[in-house]
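Chemist: from the sequence below, what's the structure:
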Amino acid sequence: MTVKRFDVGSWLDSPMSRRRLDLSQFAGERAVVADICAQVATDGDEALRALGKKLDGWAPGKNETFEVPARDLAAAADRLPPADRAALEFAAQRIRDFHARQLQTASTGPPGLKLLTRPVRRAGLYAPGGRAAYPSTVLMTAIPARIAKVPEVVLATPPRADGTVPAAILAAAHIAGVDAVYRVGGAQAIAALAYGTTTIPRVDVVAGPGNIYVTLAKREVFGAVGVDGIAGPTEVLVIADARARPDYVAADLAAQLEHDPMAWAVLITDSAPLADRVEEEFESLVGGLERSEIIRKANCCIVVAESLDQAMQLANDFAPEHLLIVTADASRRATQVENAGAVFVGPYATVPLGDYVAGPNHTLPTAGAARFASPLGVHTFMKRTSVLSLNRGDLEMLRDACVRLAEMEGLGAHAHAVEVRLE
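Modeler: Down below sits the predicted model:
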């Protein structure tokens, strides 16, 4: 792998600076996903069994179901090494503490108007299981749903070839309060949650990250069900000055790239010597990492800016999923952030803390979506309903403007529905 180097002009001319989630390049995968979703919508569990054998390498036998026995969740938590369980419990509590602050209650506006905020009835979560098991994703999705007071929370995750699910996933599901775990992966899992089958209930919202097939399936079923977002590959952007430690910066770049060969890591600095040292540290570090092959296939770029002000502007244009600021004035620079999924300030606020134990959610907008989207949170599982309750005096106060607007739009029946009540 070679780290790509840019000056500002060449960076701005490069399509890398304008990367976006371009699903058109996955035409073949989209066709496969559409077919999978159609099969599940039509044939339910029968389709899931056939797809499970073909894609997951396992499907339940005649006397089995897709659901993991409920007792296995608590048993998995009990079997975990004490240090592993303690880490999950520690992370879970910090995630609860942070997300509890997002709760919204009913609010009122002008006389007669109330806004109700209520949870969906059932949430469906997805935890990936391809290259690695991600118990942290279970915590990050299930805990906000529970804080939102969603009555039923279910989880789908890919099984192993023998039909088992990693103990860490089951333990996290138990700690987070998941009601049921289903051994189904990929696009077929998203379709099952969206449409429902005989054994897997239809949900109202699907949340959680996954591979390209999961992403495309979310796009396919959206409208039949709500989704948390259409996510692209993970990414980090680091802004660093000459004082930053190059080994720290290199470590954060590599940490994000080990997720996925399509991942992004970008350093923007006003110091050419730092850029040189980070590149050296990065090349040295990657050779000794277990997932070096994945890192070497991913996208790693260094941009040398003219100033830190320009670096901040470039970062806001890039709108990264994760933004790490390692400058002498990092706290002040953080106030200049306009677009980022999550911001990490200072040399000790390494991004993996946000992935696991800091408290904020690690399911974040990617591919520039931070310009308009927010991290997964309690609001993902909530819906808002306005309630209008008026007396005659309220109607009289609103009448003239309402009737005039209706007439402007040529909707006489709208105007009549107001006026007839005041005759």
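
Chemist: list the contacts of residue 248.
Modeler: By CB atoms under 8 Å, 6 or more residues apart in numbering, the contact list for residue 248 reads 326, 347, 350. All C-beta spots, glycine's among them, are computed from the backbone N, C-alpha and C.

Chemist: export the one helix or strand it maps to as PDB, just CAs?
Modeler: Following DSSP states H and E, one finds residue 248 within helix 246-257. Backbone C-alpha positions of helix 246-257 (Å, rounded to 0.1, in the frame of the first residue of the first chain) are rendered in PDB as follows:
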ATOM      1  CA  PRO A 246       3.200  11.100  14.300                       C
ATOM      2  CA  ASP A 247       2.900   7.700  15.900                       C
ATOM      3  CA  TYR A 248      -0.500   8.700  17.500                       C
ATOM      4  CA  VAL A 249      -1.800  10.000  14.100                       C
ATOM      5  CA  ALA A 250      -0.600   6.900  12.200                       C
ATOM      6  CA  ALA A 251      -2.300   4.700  14.800                       C
ATOM      7  CA  ASP A 252      -5.700   6.400  14.400                       C
ATOM      8  CA  LEU A 253      -5.400   6.200  10.600                       C
ATOM      9  CA  ALA A 254      -4.700   2.500  10.700                       C
ATOM     10  CA  ALA A 255      -7.400   1.800  13.300                       C
ATOM     11  CA  GLN A 256     -10.100   3.000  11.100                       C
ATOM     12  CA  LEU A 257      -8.800   1.300   8.000                       C
END
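
Chemist: which helices and strands sit right next to whatever helix or strand comes next after that helix?
Modeler: Where DSSP H and E defines the elements, the next helix or strand beyond helix 246-257 is strand 264-269. If you count contacts as 3 or more CB pairs under 8 Å, 6 or more residues apart in numbering; DSSP states H and E, strand 264-269 packs onto strand 235-240, helix 246-257, helix 272-286, strand 299-304, helix 308-318.

Chemist: so for the strand or helix carrying residue 155, mean pLDDT?
Modeler: According to DSSP H and E, residue 155 maps onto strand 152-157. Regarding strand 152-157, the rounded mean pLDDT is 98.

Chemist: just checking: what are the partner strands of it?
Modeler: The pairing partners recorded for strand 152-157 under DSSP bridges are strand 122-126 (parallel), strand 180-183 (parallel).

Chemist: what helices or strands is the following helix or strand past it leaning on?
Modeler: With elements assigned by DSSP H and E, the helix or strand that comes after strand 152-157 is helix 167-176. On a contact count with 3+ CB pairs under 8 Å, 6+ apart, helix 167-176 meets helix 70-79, helix 82-100, helix 135-147, strand 180-183.

Chemist: now with 6 Å?
Modeler: helix 70-79, helix 82-100, helix 135-147 (3 or more CB pairs under 6 Å, 6 or more residues apart in numbering; DSSP states H and E).

Chemist: what's next to it, contact-wise?
Modeler: Residues from elsewhere that reach helix 167-176 (CB atoms under 6 Å, 6 or more residues apart in numbering): 72-74, 76-77, 79-80, 88, 92, 127, 133, 135, 138-139, 142-143, 155, 157, 181.

Chemist: just the buried members of these?
Modeler: 72-73, 76-77, 80, 88, 92, 127, 133, 135, 138-139, 142-143, 155, 157, 181 (16 or more other CB atoms under 10 Å).

Chemist: roughly how far apart are the residue lying closest to residue 52 once chain neighbours are set aside and residue 47?
Modeler: Spatially, and ignoring its direct neighbours in sequence, residue 52 is nearest to residue 59 (3.5 Å; CB to CB, 6 or more residues apart in numbering). The gap separating residue 59 from residue 47 is 11 Å, by CB to CB, to the nearest Å.

Chemist: which secondary element of the protein has the worst mean pLDDT?
Modeler: strand 107-108 (a mean of 75; mean pLDDT, DSSP states H and E).

Chemist: list the contacts of that one.
Modeler: Counting by CB under 6 Å, 6+ apart, 114, 115 sit against strand 107-108.

Chemist: strand partners of that strand, parallel vs antiparallel please.
Modeler: For strand 107-108, pairing defined by DSSP bridges yields strand 113-119 (antiparallel).

Chemist: which outside residues touch the partner strand?
Modeler: 104, 106-108, 148-150, 381-382, 384-388.

Chemist: go on, stretch 58-71?
Modeler: With CB under 6 Å, 6+ apart as the criterion, stretch 58-71 contacts 49, 52-53, 159, 161, 163, 165, 180-184, 199.

Chemist: tell me which of the strands paired with strand 152-157 sits most buried.
Modeler: strand 122-126 (a mean of 27; mean count of other CB atoms under 10 Å).

Chemist: tilt between the helix holding residue 248 and helix 272-286?
Modeler: Angle of helix 246-257 versus helix 272-286, following axes from the mean of the first three to the mean of the last three CA atoms, to 10 degrees, is 60 degrees.

Chemist: how about the residue most central in space within the chain, what does it touch?
Modeler: Centroid check for the chain by CA atoms, centre = their mean gives residue 363 as the closest residue, at 3.0 Å. Residue 363 makes contacts with 140, 209, 376, as judged by CB under 6 Å, 6+ apart.

Chemist: for the second one, grab the count of nearby residues.
Modeler: Around residue 209 there are 24 other residues, counting by other CB atoms under 10 Å.
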